[in-house]
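Colleague: coordinates for the following, if possible.
(one chain, ligands or ions: 1)
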Amino acid sequence: MFSLSSSIPSTASVLSAYTTFAASAVLVRTVLHEVQSMTSRLIPQQLQDKLFTKIGSLFGNLSSQMCITISDHNGLTPNEMFEACETYLRGNISPSVHRLKVVKEPKAEKLSVNINDGETTFDAFEGIHLVWRLNCSETQKTGADYDGYFSSERVERRSFELFFNKKYKDKVLGSYLPYVLERSKAINGENKVIKLYSGGNWYVDVNLQHPSTFDTLAMDPEVKKELMQDLDRFVRRRTFYKRVGKAWKRGYLLYGPPGTGKSSLVAAMANYLKFHIYDLELSSVRGNNDLRSLLVSTKNRSILVVEGIDCSIEMQNREAGQSGRRSGENQLTLSGLLNFIDGLWSSCGDERIVVFTTNYKERLDPALLRPGRMDMHIHLSYCSPGGFRILASNYLGLKDHDRFGEIEELITEVEVTAAEIAEELMKSEEIDFVLAGLVAFLGKKKKEKAKSNIGKEDEVKGNKKEEDVKLPRRSRRKRSRKSRI
Ligand SMILES: Nc1ncnc2c1ncn2[C@@H]1O[C@H](COP(=O)(O)OP(=O)(O)OP(=O)(O)O)[C@@H](O)[C@H]1O
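Modeller: Residues are numbered from 1 along each chain as shown. Model prediction:
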């Protein structure tokens, strides 16, 4: 008897047939390409054209297919489209794929499953069938090292090839690829692992494990609120920056004594915005040329941090125009860094944040403090009673305690950093013991302060006496008369 279900192919079998066909098409294309390059040297062009048209028609109309290549890098700059495709395809791997690559990122909750080198996967979008293939190759990167010696290293380069029918070219470029980009952003937002790039190049990255958030940070609540609002405004102002013709960039200068939370604040900003961090160590940068290539290879939605800007390198006052660390054109200068950050770097990317930190604001080059250079100057100072309460809540899970009054009073009398208090709070799990230890620590600081104040007073008195000895008789008389008035 005639059976409808057995004569009409199911969606799965149609897809599977298409998959097989598309995979064969890709394979045939590759073979044709290889053959073409071999024969181009042996057979005359006219004959070649005839030959390939004939072979092509045997496997369906391959000339109606087109291919878009998406490489992982565009020159020195990472290609964000490649990363978007990688993220998007992770969730769309066809059942026909034979070889997968599985990675567990340290902080990620889920496994990351990717297609392997040379594998092909399939997708469908508004009636268009699409074939994706991942290619990997190794290239030799050559150049001169710091001392001018020849250096060479192997670098892996990856690219995706996207095959589809030529007639959908506009739809693929205008709708499908933007869709892939949007989807990858949404996926990244859901489970983004924040990366920390550091060292002399950005090839080494680790997942940012820093648990600091705005909730755990002990800082002036008003400043914290203002900063969070500033960051929110910054990320939602894409059209504003475009309209006013400004690069979508924001600069923050964090200053304050060691251990007051400058690095913790950078981590909190990255965790809040889900931005990667590039920790630029100027001492390992060879010169302005090196700096340029490092900066252009940073990604969008990232924070570039230069810690200890006052002392990380002998950078010179731009007005003085003295030489930097290296002589010649390639020397690293503050003006080189600032010009590049203000100019090319910020205009070749979006959503860039730059943070400079220093323990000594007064030592900074005036070029850095000029209005408009760093949008916000944030002072991280010694711990306040409010800051102590945040730390006590984080470290001990404690909202209040009999000893809080005593501790808060001592905190207002001495200069103590959040790092010092944090260290005390971590000494034991026994709350009374820890708080007693903190009181003793603060008490000791108070005594030391009183001692050093007495020392200072004695010094001032000593100086005065010395001055009196040096003063001529007449001046001494004059002063004693004055003091009686
Ligand atoms: N404001 C703060 N809130 C919460 N914890 C803090 C704060 N400041 C410091 N800490 C604690 O102290 C540690 C060291 O602080 P951090 O490295 O952020 O200070 P810093 O100001 O960057 O110091 P430096 O100038 O020496 O680099 C942090 O890991 C954190 O545990």
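Colleague: so how far is residue 408 from residue 422?
Modeller: 16 Å (CB to CB, to the nearest Å). C-beta: built from backbone N, CA, C; applies to glycine.
Colleague: stretch 270-277: end-to-end distance?
Modeller: Criterion CA to CA, to the nearest Å; first-to-last residue distance in stretch 270-277 is 7 Å.
Colleague: and the residue of the chain found nearest the ligand, how far from residue 303?
Modeller: In the chain, no residue comes nearer to the ligand than residue 261, which is 2.7 Å away by CB to the nearest ligand atom. Using CB to CB, residue 261 is found at 16 Å from residue 303.
Colleague: repeat for residue 81
Modeller: Residue 81 is 22 Å from residue 303, by CB to CB.
Colleague: of these two, which one has the most company?
Modeller: residue 303 (24 against 18; other CB atoms under 10 Å).
Colleague: let me know the secondary structure of the more buried one.
Modeller: Three-state call for residue 303 (DSSP: H, G, I helix; E, B strand; the rest coil): strand.
Colleague: for it, what are its contacts?
Modeller: Contacts for residue 303 (CB atoms under 8 Å, 6 or more residues apart in numbering) come out as 266, 269, 270, 273, 275, 276, 277, 278, 353, 354, 355.
Colleague: give me the number of residues near the fifth one?
Modeller: Each residue near residue 275 was counted by other CB under 10 Å, and the total is 23.
Colleague: ranges for the helices of the stretch 251-400 of the chain?
Modeller: With DSSP state H, counting those that start in this stretch as the criterion, the stretch 251-400 of the chain has helices at 262-273, 288-296, 334-340, 346-347, 366-369, 385-396.
Colleague: quickly compare those helices and say which is most buried.
Modeller: helix 262-273 (a mean of 21; mean count of other CB atoms under 10 Å).
Colleague: same for it, what does it pack against?
Modeller: helix 221-235, strand 249-255, strand 276-280, strand 302-306, strand 352-358 (3 or more CB pairs under 8 Å, 6 or more residues apart in numbering; DSSP states H and E).
Colleague: repeat that with 7 Å
Modeller: In terms of contacts (3 or more CB pairs under 7 Å, 6 or more residues apart in numbering; DSSP states H and E), helix 262-273 is packed against helix 221-235, strand 302-306.
Colleague: can you show me the CA trace of the shortest one as PDB?
Modeller: C-alpha atoms of strand 302-306 as PDB (Å, rounded to 0.1, in the frame of the first residue of the first chain):
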ATOM      1  CA  SER A 302      38.300  46.600  27.500                       C
ATOM      2  CA  ILE A 303      40.200  48.500  30.200                       C
ATOM      3  CA  LEU A 304      43.800  49.400  29.600                       C
ATOM      4  CA  VAL A 305      45.600  49.900  32.900                       C
ATOM      5  CA  VAL A 306      48.900  51.500  33.500                       C
END
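Colleague: sheet-wise, list the partners of it with their directions.
Modeller: strand 276-280 (parallel), strand 352-358 (parallel) (DSSP bridges).
Colleague: which bits of the stretch 201-350 of the chain sit near the ligand?
Modeller: 216, 217, 218, 219, 258, 259, 260, 261, 262, 263, 264 (CB under 6 Å from any ligand atom).
Colleague: run a quick neighbour tally on the second one.
Modeller: Applying other CB under 10 Å, we find 21 other residues in the vicinity of residue 217.
Colleague: look up phi and psi at it.
Modeller: phi -90, psi 130 (degrees, to the nearest 10).
Colleague: ok, it - contacts?
Modeller: Taking CB atoms under 7 Å, 6 or more residues apart in numbering, we find residue 217 in contact with 224, 261, 264, 265, 268.
Colleague: contact partners for the third one?
Modeller: Translated: residue 264. Contacts of residue 264 by CB under 7 Å, 6+ apart are 212, 217.
Colleague: ok so, going back, nearest to residue 155, of the helices and strands packed on helix 262-273?
Modeller: Nearest of the helices and strands packed on helix 262-273 to residue 155, taken as CB to CB: strand 302-306 at 21.3 Å.
Colleague: relative to strand 249-255, how tilted is that closest one?
Modeller: Strand 302-306 and strand 249-255 meet at an angle of 40 degrees, taking axes from the mean of the first three to the mean of the last three CA atoms, to 10 degrees as the criterion.
Colleague: just the strands paired with strand 302-306: most buried one?
Modeller: The most buried one of the strands paired with strand 302-306 (mean count of other CB under 10 Å) is strand 352-358, showing a mean of 24.
Colleague: send me that strand as PDB with only the CA atoms.
Modeller: Provided in PDB are the C-alpha atoms of strand 352-358 (Å, rounded to 0.1, in the frame of the first residue of the first chain):
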ATOM      1  CA  ARG A 352      37.700  51.700  25.600                       C
ATOM      2  CA  ILE A 353      38.600  52.700  29.100                       C
ATOM      3  CA  VAL A 354      42.000  53.700  30.200                       C
ATOM      4  CA  VAL A 355      43.100  53.800  33.900                       C
ATOM      5  CA  PHE A 356      46.300  55.200  35.300                       C
ATOM      6  CA  THR A 357      47.100  54.600  38.900                       C
ATOM      7  CA  THR A 358      49.600  56.300  41.100                       C
END
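Colleague: and the helices in the stretch 101-250 of the chain?
Modeller: 169-171, 177-191, 221-235, 238-244.
Colleague: restricting to C-alpha, output the second one in CSV.
Modeller: This means helix 177-191. Coordinates of each C-alpha in helix 177-191 appear next as CSV, following Å, rounded to 0.1, in the frame of the first residue of the first chain:
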residue,chain,number,x,y,z
LEU,A,177,26.6,38.1,9.8
PRO,A,178,25.1,41.0,11.9
TYR,A,179,22.8,38.4,13.5
VAL,A,180,25.8,36.3,14.4
LEU,A,181,27.5,39.3,15.9
GLU,A,182,24.4,40.2,18.0
ARG,A,183,23.9,36.6,19.1
SER,A,184,27.5,36.3,20.2
LYS,A,185,27.3,39.5,22.2
ALA,A,186,24.2,38.1,24.0
ILE,A,187,25.9,34.8,24.7
ASN,A,188,29.0,36.6,25.9
GLY,A,189,26.9,38.7,28.2
GLU,A,190,25.3,35.6,29.7
ASN,A,191,28.5,33.8,30.6
